[in-house]
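# how would this look folded up:
(2 chains)
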Amino acid sequence: MNGESPLLRLMNVSQIYGTGQRSFKAVALVNLTVTEGEFLALLGPSGCGKSTLLRIITGLQKPSEGQVLYRGLPLKGVNPQASMVFQTFALFPWLTVLENVEVPLKARGIPSKMRTARALDLLDRVGLDGFETAYPRELSGGMRQKVGFARAMAIEPELLCLDEPFSALDVLSAEALRGELLELWTSGNIPTRALLMVTHSIEEAVYMADRIVIMEKDPGRVVKDLKVPLPHPRIRKDPKFLDVVDRVYAILAGQTQPEHVELGTAPGEPGRTRALPHIVINELAGLLEHVVELPNDRADIYRLAEELKVNSDHLLRLVEATELLGFATITQGDFILTSLGETFGEASILARKEMFATRIRRLPIFQWLIAMLKAAENHQLEWDVVQTALELEFPPEEAQRQLDTAVNWGRYAELLAYDDNAELIYLELAGSVPTPSPEGRDNGSPQVVI
Amino acid sequence: MAKSPRLFKIEQFTVRIIAWGDIVVLVGLAGLLYAGVRLARDASTVISGPVISLSPSALPLYASLSLGRMTAAYILSLLFTLVYGYFAARNRRAERVLLPILDVLQSVPILSFLPVVLLSFSAVLPQRLAAELASIVLIFTSQAWNMTFAWYQSLITIPKELREVSTVFNVNAALRFKILELPFAAISLIWNSMMSWSGGWFFLMAAEIFSVGQRDFRLPGLGAYLHEAANRGDIGAILWGIGTLILVIVALDQLVWRPLLAWSDRFKLEMVEGEEAPTSWFYDALLSSNLVNWFLDRVYHPFSERLDTFFGSTFPTPSQPVVEKSGRPWLLYLVGSIGGMLLLYGAFGAGQMLLSIQLKQCADIGLGVLATLLRVVAALFLAFAWTVPLGVAIGTSPRLASILQPLAQIAASLPATALFPVVLLFMLRFPGGLNLAAILLMLMGTQWYLLFNIIAGAAAIPQDLKYTTVLLHMSRWDRWRILILPALFPYIITGGIAASGGAWNASIVAEYVQFGGRTFHTVGIGSLIADATEAGNYPLLLAATLSMILTVVVINRFWWRRLYRLAEENYRME
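The predicted structure follows:
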């Protein structure tokens, strides 16, 4: 199904939020072409701008810079040839299944009889015959998403955009629906010329798409454009399939850069501040403990996701944290503990805290925070003050989450203390700590590791 | 009973204590009041009231007159709500102006406007019409704000995906209103309409019984009937009147609000089947009625289809603006600046008029505000004293709740102002009777807000925490101190805000009454306003009304809003 003519082209598309010093690039200089007959997957960690890109492509959002061409013409407003399926289904809960599918037809002024006939036909095709008068809340997740598909196809779109369509479903429904979508698509029974799916599941992308565009965050950008040369139906145990999955994992996890780039710079200094991955320390410890038990202290990342029962997005965040702290390295899709990571995995709670503390002291963001606290009166700062300072590097919401994570890590390492009532961050130096109220501290106390 | 706690939620859109908007609005209000007072100068000094018949056969007419006023005001409020809320939600620039205005307006004691509105209307309109319109305007001003907030809040909280769906599929504005915005806001609008409606009774009854000196502004209606009955000491007529009022309120609940609630259950957003859906026998009966179904099939559906097609073809799917436009600022600026100038001019006039106030009168005003404040505080304390223990008892015991809550709801639905003449009949015999009666009226008007909030708060205390206090062998006192009072705090504050607003309003009718051919006064800002109205002392009327508004707004901001913020931040169970 190799395409002939380009359906959609993105040229140097960027999305910038905010203005002046506090502006952030959600998407930077993306170039992308979707040709007819193609099933394209946009894959990347959360926050890499893939959903933003989808909204730019459908015309829901106008890019700050760059151009979107549809069949060679610049896109103005919403693309009438495009349709969308949403992660959360986005059905109107107060309309029946039939009425939901009729919405796009009604909006186009199609008369009642024709509308109903077409909607019924679509429901029939997705296997929802007999559920016309049901309300969405009476349906299972999988059936709701089928309504979502039927509605999206009601206007016979040339370009069907799917925003993580399976990630809110249980495993079995998701699998069934994937198969049904592929069947509709490969059989050519629908007028759709191209499919564009956003996902963060590597396996799903490899299972379904003809081409995978891999994105990275900070700022959101395309790092790799990869063809999947496997015929449908694809078999997950097939070594060729696993080979592609491994390659994608390696690309996503192995973006290792020299240390000064890797660690970033302190907030306010030239250069970018490396964002802390939002992870819970217990899970980090759990991961290291798991891998210590494995032969050679190494594991295939793809397998790890299965063994630990976490999704790939989550696992990649954990992996990023271990790398950042120097507990592990990634080589060719394999996760290998460093000797430090091995020690951590086997250490006692107190020893872990000490190791963790020495490791995070290297991070510019902590060096900056500690220096600020040292300079401050009583070694304490208001939460808001620190957050405002961080907002020079991150968007406000992200700044808050960064500080959340930093304080959490700092508390675990016993470098920082935080008083929730007064919203004050303290430096935890022996002797100089003002005694914050009891509630303010107990969150940072050591907890039993999984 | 399905009385949702959100019924009594006061919307607080900002946590700032005082904002520029407050000052602008207060200046604007001063300007408006000045215009009213200027008009009032020409009001005739003798206004004869209607003759109120005490015959029970007159009651159906009176009931329908009262109901008509309520309905007219409600329709007005709904229209205002839809338009104002829509603008505030859609237009960033408008939002920054419209929301602060709304925020002050909802904390202003509406009833203090009554004399000025009545006088100014009767100066330019035929007398009967003036009183009718004044009552409708008054009810409108008591109903509109919370509904507008509810609608605005709904509009801005519509889930992003649902908005995106409408945009992706090019749904035009009319269809969007019908399938997205109105359904999404329906439940909140209905709850707030119920709340507005029951608040409206309070103001309607006050308007129907209002008379000062030679000016009798009473309106034929249920309120005036009860007033007249109490005036003449006719116990039989009082019972007839109260019976009719209860009947009207219960009938409205059963025939309008319950069916609406049952119907609106489909608009809830949760994708899981709810616990127990509200039910209504009348709604079920309507659903199975042939006539209704015929109407839906033959008239309503074809008509709405026609309408959809009309809008679909007349306003063919515009290529949706990607970023919501901020509207036509020049129009807004023009209207805003003309209106602003007029109000400023009015405020200037008000300022000049206020200059003629003597020191003695200033002292009177100060004393009046203080006296009324003391009464409000007393009423609130009394209300706390009985609602906290009872509310906790009901909230924590389902058995007690099933017995007492329906009773409390019926009692709460009776507007306190309607019963006030009856209270007077008994209280005026005692020394200092009006003083006590005033506090009692404030109490009657406000205790329910507290009670229902406390019940909701007590019912929301997690079972685990209750078990923990038992397991820890806490003493009864410790249990209250450590668990119950902190858990109730946000609810007490929310109830307290509504209650104190109600109490201030009550002072207008409670501190000055004409009863049994005599006039009774007590010291207070409410009686000062009535006195000024009677004497035609317009500068004093303006000054007293403004001081009352200012006092209430200041108390609201510097006392209640701080507490509210504290409650939100530190005492919320999540």
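# Break the chain down into its domains, please.
All of this refers to chain A. A:6-253, A:277-349, A:366-444 (automatic domain parsing).
# actually chain B
Domains of chain B are assigned by automatic domain parsing as B:52-110+B:134-319, B:358-574.
# can you give me the offset of the first one from its chain's centre?
Offset of domain B:52-110+B:134-319 from its chain centre (C-alpha atoms, centre = their mean, to the nearest Å): 12 Å.
# same check, this time on the shortest one
In terms of C-alpha atoms, centre = their mean, the centre of domain B:358-574 is found 14 Å from the chain centre.
# OK, contacts around the spatially most central residue of chain A?
What sits nearest the mean C-alpha location of chain A, by C-alpha atoms, centre = their mean, is residue A:46, with 1.8 Å. Going by C-beta atoms under 8 Å, 6 or more residues apart in numbering or on different chains, residue A:46 touches A:200, A:217, A:313. (Glycine included, C-beta is placed from N, CA and C.)
# where do the strands sit along the stretch 201-350 of chain B?
B:211-212, B:215-216 (DSSP state E, counting those that start in this stretch).
# next one: chain B
B:211-212, B:215-216, B:512-515, B:518-521 (DSSP state E).
# Reformat those into TSV and put mean neighbour count and mean pLDDT next to each item.
Formatted as TSV, these follow (neighbours: other C-beta atoms under 10 Å in any protein chain shown; pLDDT from 0 to 100):
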stretch	mean neighbour count	mean pLDDT
strand B:211-212	21	75
strand B:215-216	20	78
strand B:512-515	22	78
strand B:518-521	13	80
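# export those to TSV and tack on distance to residue A:414?
Listed next are the strands of chain B as TSV, based on distance: least, C-beta to C-beta, whole Å:
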stretch	distance to residue A:414
strand B:211-212	73
strand B:215-216	76
strand B:512-515	68
strand B:518-521	70
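# Between those strands, which one is closest to residue A:26.
The minimum distance between residue A:26 and the strands of chain B falls on strand B:512-515, with 63.6 Å, by C-beta to C-beta.
# For the closest one, list the C-alpha coordinates in CSV.
C-alpha atoms of strand B:512-515 as CSV (Å, rounded to 0.1, in the frame of the first residue of the first chain):
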residue,chain,number,x,y,z
TYR,B,512,-40.0,48.6,60.7
VAL,B,513,-43.5,47.2,60.5
GLN,B,514,-46.9,48.6,60.3
PHE,B,515,-49.2,46.3,62.1
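# elements contacting that strand?
With contacts taken as 3 or more C-beta pairs under 8 Å, 6 or more residues apart in numbering or on different chains; DSSP states H and E, strand B:512-515 sits against strand B:211-212, helix B:416-427, strand B:518-521, helix B:525-535.
# looking at these, which is buried most?
Per residue and on average, the most neighbours among these fall to helix B:525-535, with a mean of 25 (mean count of other C-beta atoms under 10 Å in any protein chain shown).
# tell me which strands and helices that helix is in contact with?
helix B:114-124, strand B:211-212, helix B:359-396, helix B:485-510, strand B:512-515, helix B:538-555.
# got the angle for that helix vs helix B:114-124?
Angle, helix B:525-535 to helix B:114-124, by axes from the mean of the first three to the mean of the last three C-alpha atoms, to 10 degrees: 20 degrees.
# pLDDT (mean, whole number) over helix B:525-535?
Averaging pLDDT along helix B:525-535 yields 85.
# again, but for stretch B:226-242
Stretch B:226-242 comes out with an average pLDDT of 86.
# same deal with stretch A:101-116?
Taken as a whole, stretch A:101-116 has a mean pLDDT of 87.
# Show me what counts as buried in it.
A:101-110, A:115-116 (16 or more other C-beta atoms under 10 Å in any protein chain shown).
# The residues you listed in helices, which ones?
A:101-107, A:115-116 (DSSP state H).
# hang on, the earlier thing: of all the domains of chain B, which one is nearest residue A:409?
Across the domains of chain B, residue A:409 has its closest neighbour in domain B:358-574 (23.5 Å, C-beta to C-beta).
# Report how many residues lie close to the nearest residue to residue B:228 once chain neighbours are set aside.
Distance criterion C-beta to C-beta, 6 or more residues apart in numbering or on different chains; nearest residue to residue B:228, sequence neighbours excluded, is residue B:52 at 4.1 Å. Using other C-beta atoms under 10 Å in any protein chain shown, residue B:52 has 22 other residues around it.
# what do you get for residue A:292?
Using other C-beta under 10 Å, residue A:292 has 15 neighbouring residues.
# give me the low-pLDDT residue ranges for the chain?
All of this is about chain A. Within chain A, the stretches with pLDDT under 70 are A:1-4, A:20-22, A:253-262, A:429-450.
# think we crossed wires, I meant chain B
Checking chain B against pLDDT under 70 turns up B:1-21, B:45-46, B:270-277, B:312-329, B:573-574.
# follow-up on the earlier one: what about the strands of the stretch 201-350 of chain B, which gets the closest to chain A?
Of all those, strand B:211-212 sits nearest to chain A, with 48.5 Å by C-beta to the nearest C-beta.
# List the neighbouring strands of the closest one plus their orientation.
Strand B:211-212 has its sheet partners listed here by DSSP bridges as strand B:215-216 (antiparallel).
# Let me know the secondary structure of the residue nearest to the centre of chain A.
coil (DSSP: H, G, I helix; E, B strand; the rest coil).
# ok, it to residue A:215 distance?
Applying C-beta to C-beta, to the nearest Å, the value for residue A:46 to residue A:215 is 11 Å.
# for the closest residue to residue A:74 other than its chain neighbours, what are its contacts?
The shortest distance from residue A:74 to any non-neighbouring residue, by C-beta to C-beta, 6+ apart, is to residue A:67 (5.9 Å). By C-beta under 8 Å, 6+ apart, the contact set of residue A:67 is A:10-13, A:74.
# for the residues you listed, which one is nearest chain B?
Distances from chain B to the contacts of residue A:67, taken by C-beta to the nearest C-beta, are shortest for residue A:74, at 12.3 Å.
# Please report the number of neighbouring residues for that closest one.
For residue A:74, the count of nearby residues is 9 (other C-beta under 10 Å).
# which residues does residue A:13 form a beta bridge with?
Taking DSSP bridges as the rule, residue A:13 bridges to residue A:30.
# hang on, isn't it packed against residue A:30?
Yes. Using C-beta atoms under 8 Å, residue A:13 is in contact with residue A:30, at 4.7 Å.
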